[in-house]
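Participant: Fold the following, please.
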Amino acid sequence: MDVMPLLLLVAGSATIAAAARRTPVPAPLLLVAAGLVISYVPGVPEYTLDPHVVLPLILPPLLYTAATDSSYLDLRAQLRPVALLSVGYVLFATFAVGWAAYLIVPGLPLTAALVLGAVVAPPDAVAATAVARRVGLPSRVTTILQGESLVNDATAITAYRVALAAAVGEGATWAGGIAEFLVAAIGGIGFGLVLMAPIHWLRTHLKEALLQNTLSLLIPFVAYAAAEQVHASGVLAVVTVALYLGHRAWQVDFATRLQEEAVWKMVAFVLESAVFALIGLQLRVIIEGLGEYEGGPAAGYAVAVFLVVVASRFVWVYPATFLPRLLSKRIREREDNPTWKGPFVIAWAGMRGVVSLAIAFSIPLTMHGGEPFPERNLILFLTFTTVIGTLVLQGLTLPPLIRLLKLPGRDAQAETLAEANAQAQASRAAERRLDELLSDEHNALPGPLADRLRAVLERRRNAVWERLGQVNPLTGESVDETYRRLAREMIGAERSVFVKLRDGRYIDDEMLRTLLRRLDLEEAAAYREAA
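Facilitator: Here you go, the predicted model:
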């Protein structure tokens, strides 16, 4: 097996994603653009999206890391809009795009057109999360987009299977399709509910962070594969388990949490970078398979399908936002009435991604009777152009659109004040507990060490309040930022001495690693990355 193409893909996409951080262009767009260009460079290997790789091996870890970073409580609070988008909109888009394609493309059977509709229906989980992170959307909008992207793949994959069964002549019916959808949804959630408690118990009872993180890397694959084995939704199984584990992450020891955060950040960065590069790299494969449509009316079909995809989201989002409020007095009493701006951003943030392409590539070459699948290459082309069109057009215009609409972002001052109040309550509880412990003769400590514990607690309590105070007029730093910088400089000086002692053979490498780890933990405590 030649691994060089894979290594080139990972290394190249990571390099481009890193470079994108120094530009105003979001990394997904730069990666897609680079993939489009590189696909025609002589000597570049042909990268074909294999659905047997993308769906079971790439989608689960991306869903898992997105779900563990999400808030179960926030998603529960926004359950209605999330469900209306992740289920209702995907089914609506399947029929709207399918019917439009049936009318637009001569000779395209309705069943094959519905396959196309199901393929391009779900907005992409990776794209939604990347955009929400980059542009600083209001928290409610971010929660709705993330919740939609976590669940909609399950709806789309099920809709695709039903439409495909009808297209290839397996005699699918509406009743059968609804039954399959319910089995997939209930089965996927059920598998997640069955798995989540035992997995969490195992995570909390393993004593080594290394073993716990090895288990963490296996969880999304196990949950997905177990559910798919019985034709349940692997997507919903992964999301259910991940939301539960993320909600209870505080019950895992600190070493596991620190290591797990670093591991999953790396995994998500590598996979997201490779996924967007792969999207661009499909251009040559798609064009070469276009056949009779190359240079013909395919471009017109692509524009028409893209416009239907974009318009159908607006057609769904506004009624789904305002009709429940008109029909339900309870909703009007419990929720603020939204303006038109939030739904507009949600409607515009419907970028498609790698899942749509992976599903499209899984369309079989032939049907049951042996005839070629109708217009398969054209469906692949229309899927590709829709994905590229939404990523480029909507991805590039979403940040300026949000600035133009002047949507209120997150209130940093209010969040810092809430954090300070929470820290003050926690500090008072810690002081009471410390006094209780020190009153027991079994916990006797010399005065300086007891004072050190109190000083650390005081420092942690004051640090948040100091962020609300004045900044240094010379450096622009808050007191908290200056403290962290000076602490890092002191630790850096200690680290240099330890390295010199090792180089002079006064201490060995094992002792150096022990000392450096101690400094690393102190630096982690002194310096908190603003995120």
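Participant: Alpha carbons of stretch 262-273, as CSV, please.
Facilitator: Taking C-alpha atoms only, stretch 262-273 is exported to CSV below (Å, rounded to 0.1, in the frame of the first residue of the first chain):
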residue,chain,number,x,y,z
ALA,A,262,-4.7,18.5,23.4
VAL,A,263,-5.3,15.2,21.6
TRP,A,264,-8.7,16.0,20.2
LYS,A,265,-7.6,19.5,19.1
MET,A,266,-4.8,17.9,17.1
VAL,A,267,-7.2,15.2,15.6
ALA,A,268,-9.8,17.8,14.7
PHE,A,269,-7.2,20.1,13.1
VAL,A,270,-5.7,17.3,11.0
LEU,A,271,-9.1,15.8,9.9
GLU,A,272,-10.7,19.2,9.2
SER,A,273,-7.8,20.3,7.1
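Participant: Distance from the chain centre to the helix or strand containing residue 144, please.
Facilitator: Following DSSP states H and E, one finds residue 144 within helix 139-167. Distance of helix 139-167 from the chain centroid (C-alpha atoms, centre = their mean, to the nearest Å) equals 14 Å.
Participant: moving C-terminal of that helix, what's the next helix or strand?
Facilitator: Assigned by DSSP H and E, the successor of helix 139-167 is helix 174-205.
Participant: got the angle for whatever helix or strand residue 310 lives in vs helix 139-167?
Facilitator: Under the criterion of DSSP H and E, residue 310 resides in helix 298-327. Orientation check (axes from the mean of the first three to the mean of the last three C-alpha atoms, to 10 degrees): helix 298-327 against helix 139-167 gives 120 degrees.
Participant: Could you identify the helix or strand that succeeds helix 298-327?
Facilitator: That would be, after helix 298-327 and using DSSP H and E, helix 329-334.
Participant: ok, residues contacting that next one?
Facilitator: 324-325 (C-beta atoms under 8 Å, 6 or more residues apart in numbering). Bear in mind the C-beta positions are built from the backbone N, C-alpha and C, glycine included.
Participant: Could you identify the helix or strand that succeeds it?
Facilitator: Next element after helix 329-334 (DSSP H and E): helix 341-348.
Participant: So what's the residue count around residue 508?
Facilitator: Residue 508: 10 surrounding residues under other C-beta atoms under 10 Å.
Participant: Could you report the distance from the nearest residue to it once chain neighbours are set aside to residue 143?
Facilitator: What sits nearest to residue 508 in space, not counting adjacent residues and going by C-beta to C-beta, 6 or more residues apart in numbering, is residue 502, at 7.2 Å. Counting by C-beta to C-beta, to the nearest Å, the separation of residue 502 from residue 143 is 49 Å.
Participant: Comparing the two, which residue is more hemmed in?
Facilitator: Using other C-beta under 10 Å, the more surrounded residue of residue 502 and residue 143 is residue 143, with 21 against 18.
Participant: Just confirm the more buried one contacts residue 72, I think it does.
Facilitator: No - in this structure, residue 143 is not within contact of residue 72 by C-beta atoms under 8 Å, at 10.7 Å.
Participant: which residues are common contacts for these two?
Facilitator: With C-beta under 8 Å, 6+ apart, residue 143 and residue 72 have no common neighbours.
Participant: where does residue 255 land in three-state SS?
Facilitator: Using DSSP: H, G, I helix; E, B strand; the rest coil, the structure places residue 255 in helix.
Participant: How about the contacts made by it?
Facilitator: So residue 255 contacts residue 209 (C-beta under 8 Å, 6+ apart).
Participant: unless I'm mixing things up, residue 63 is touching residue 236, no?
Facilitator: No - Residue 63 sits out of contact with residue 236 when judged by C-beta under 8 Å, with a separation of 9.6 Å.
Participant: Now tell me which helix or strand of the chain has the poorest mean pLDDT.
Facilitator: helix 125-135 (a mean of 63; mean pLDDT, DSSP states H and E).
Participant: So, low pLDDT: which residues of the stretch 101-250 of the chain?
Facilitator: Judged by pLDDT under 70, the stretch 101-250 of the chain has its weakly predicted residues at 125-136, 169-174.
Participant: so where is the stretch 251-400 of the chain shaky, pLDDT-wise?
Facilitator: Using pLDDT under 70, the stretch 251-400 of the chain drops low at 291-296, 369.
Participant: Residues in contact with stretch 47-55: which ones?
Facilitator: By C-beta under 8 Å, 6+ apart, stretch 47-55 touches 5, 9, 39, 157, 278, 281-282, 285, 354-355, 357-359, 361-362.
Participant: How about the contacts made by the residue nearest to residue 508?
Facilitator: 508-509, 511-512.
Participant: roughly how far out does whichever strand or helix holds it sit from the chain middle?
Facilitator: Using DSSP H and E, residue 502 sits within helix 479-503. Helix 479-503 has its C-alpha centroid displaced from the chain centroid by 35 Å (C-alpha atoms, centre = their mean).
Participant: Run a quick neighbour tally on residue 432.
Facilitator: Neighbour tally, residue 432, other C-beta under 10 Å: 10.
Participant: My assumption is that it lies in a helix; please confirm.
Facilitator: Yes - under three-state DSSP, residue 432 falls within a helix.
Participant: Check what pLDDT it gets.
Facilitator: Per-residue pLDDT puts residue 432 at 83.
Participant: Next: residue 480.
Facilitator: pLDDT, read off for residue 480, is 68.
Participant: So for the residue sitting nearest the centre point of the chain, what's the pLDDT?
Facilitator: For the chain, residue 66 is the residue whose C-alpha lies nearest the centre (C-alpha atoms, centre = their mean; 3.6 Å). Looking at residue 66, its pLDDT is 87.
Participant: Mind telling me what element it is part of?
Facilitator: helix 59-68.
Participant: and that helix, what does it pack onto?
Facilitator: helix 125-135, helix 139-167, helix 209-229, helix 234-247, helix 254-281 (3 or more C-beta pairs under 8 Å, 6 or more residues apart in numbering; DSSP states H and E).
Participant: Serialize the ones you listed to TSV and add fields for distance to residue 342.
Facilitator: As requested, the helices and strands packed on helix 59-68 are exported to TSV (distance: least, C-beta to C-beta, whole Å):
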stretch	distance to residue 342
helix 125-135	13
helix 139-167	6
helix 209-229	31
helix 234-247	24
helix 254-281	26
